[in-house]
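In: requesting a structural model of the entry that follows:
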Amino acid sequence: MKAKVSEYMDTAVITVNVSSSMNEILDVLARSSNGRVLVLEGEKPISMITTRSIIAAFSEYGLDIFNLKAKDLMSEDLVALTPDTSIGDAIRILIDNNIGGAPVLEGNIIRGIFTEREVVKFIANLQFSGIVDSIMNTKVETISQNSTILDAAKIMNLKNIRRLPIVNEYRMIGIITAADIVKYLDKNKKIGNVLEAGTKNPWTISRYTSIIDVAKFMRDKKIGTLPVVDDNKLVGIVTERDLMYSLLTVELNS
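Out: Numbering: from 1, shown residues only. Predicted structure coming up:
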């Protein structure tokens, strides 16, 4: 993977400052295509706030989250890439630090942001074999249609995940993501039902769908997860991170 981060990074980086209010943060995150904002102190990038940061805070504070500011949500260390970082090295850095994206910096100059979504775009341009069955997660956490977005946030935070299929008994009827919760809080500022915030009848794939087709579908639809259905039954889930792992596995075995 000789390609560099600069060839695939998103150059549109949204920033807030350390004193930004929760209303400001939710507003920019709700409009962000990658679910991340960079926190500045003066003009210096010092941290990142993500939809996962919001989920963690919401699960702990509930609606009192609106009393928080950016400085209350910041991670301790900012992991950054440079424009010359290779795609392979970037993937390893994201995996090693258990993060879904990192800013691309030259000193304190912001050049872009590189996330799992950019990795999917990279994969969509490749050619290698493999089907969904070989990479999907079969231990799928779900949530009942009668649950609230706070219930969903608590499960996401506990299980360290960003999406939950919504089920009616054993049938999947929707899906809710961390981004959905952020958008709902930004718009409604209340604790609503998961189906109100999530997506009803989401896109699904077969376990025999090729990995490349999944990458192209995620790229084209601008989504980060696809439930896997077999005979109308939910049997797994595939995320951008699963695709990222599959790419690293191909490189290690080549």
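In: now do the phi/psi pair for residue 83.
Out: Dihedral pair for residue 83: phi -60, psi -30, per degrees, to the nearest 10.
In: ditto for residue 230
Out: Per degrees, to the nearest 10, the backbone of residue 230 is at phi -130, psi 120.
In: same check on residue 226?
Out: phi -140, psi 120.
In: helices and strands around the longest helix seen in the chain, which ones?
Out: Selection of the longest helix in the chain by residue count, based on DSSP state H, yields helix 240-253. On a contact count with 3 or more Cβ pairs under 8 Å, 6 or more residues apart in numbering; DSSP states H and E, helix 240-253 meets helix 87-96, helix 116-123, helix 211-221. The C-beta positions use only the backbone N, C-alpha and C, and glycine is treated the same way.
In: starting at the chain centroid, how far to the helix or strand of the chain with the lowest mean pLDDT?
Out: Lowest on mean pLDDT, DSSP states H and E among the helices and strands of the chain sits helix 240-253, with a mean of 77. When C-alpha coordinates are averaged (Cα atoms, centre = their mean, to the nearest Å), helix 240-253 and its chain have centres 17 Å apart.
In: now do stretch 106-122
Out: Worked out by Cα atoms, centre = their mean, stretch 106-122 lies 14 Å from the chain centre.
In: and what of stretch 228-235?
Out: The chain centre lies 23 Å from the centre of stretch 228-235; the measure is Cα atoms, centre = their mean.
In: hmm, residue 227 is touching residue 172, no?
Out: Yes. If you go by Cβ atoms under 8 Å, residue 227 and residue 172 touch, sitting 6.2 Å apart.
In: between these two, what contacts are shared?
Out: 165, 202, 204, 234 (Cβ atoms under 8 Å, 6 or more residues apart in numbering).
In: just put the residues you listed in a markdown table and tack on pLDDT and neighbour count.
Out: Output for the shared contacts of residue 227 and residue 172, formatted as a markdown table (pLDDT from 0 to 100; neighbours: other Cβ atoms under 10 Å):
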| residue | pLDDT | neighbour count |
| --- | --- | --- |
| 165 | 97 | 21 |
| 202 | 95 | 19 |
| 204 | 97 | 17 |
| 234 | 94 | 18 |
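In: nearest to residue 116 among those?
Out: Nearest to residue 116 among these is residue 202, at 18.4 Å by Cβ to Cβ.
In: contact partners for that closest one?
Out: 165, 172, 174-175, 227.
In: just the buried residues of the helix or strand in which residue 103 is found, please?
Out: Element membership for residue 103 (DSSP states H and E) is strand 101-106. By 16 or more other Cβ atoms under 10 Å, the buried positions in strand 101-106 come out as 101-105.
In: just name the closest of those residues to residue 145, please.
Out: Nearest member of those to residue 145, counting by Cβ to Cβ, is residue 101, at 30.7 Å.
In: quick one: the strands in the stretch 1-150 of the chain, in order.
Out: Counting by DSSP state E, counting those that start in this stretch, the stretch 1-150 of the chain has strands at residues 15-17, 36-41, 44-50, 101-106, 109-115, 143-144.
In: partners of the last one, with directions?
Out: If I follow you right, that is strand 143-144. strand 163-168 (parallel) (DSSP bridges).
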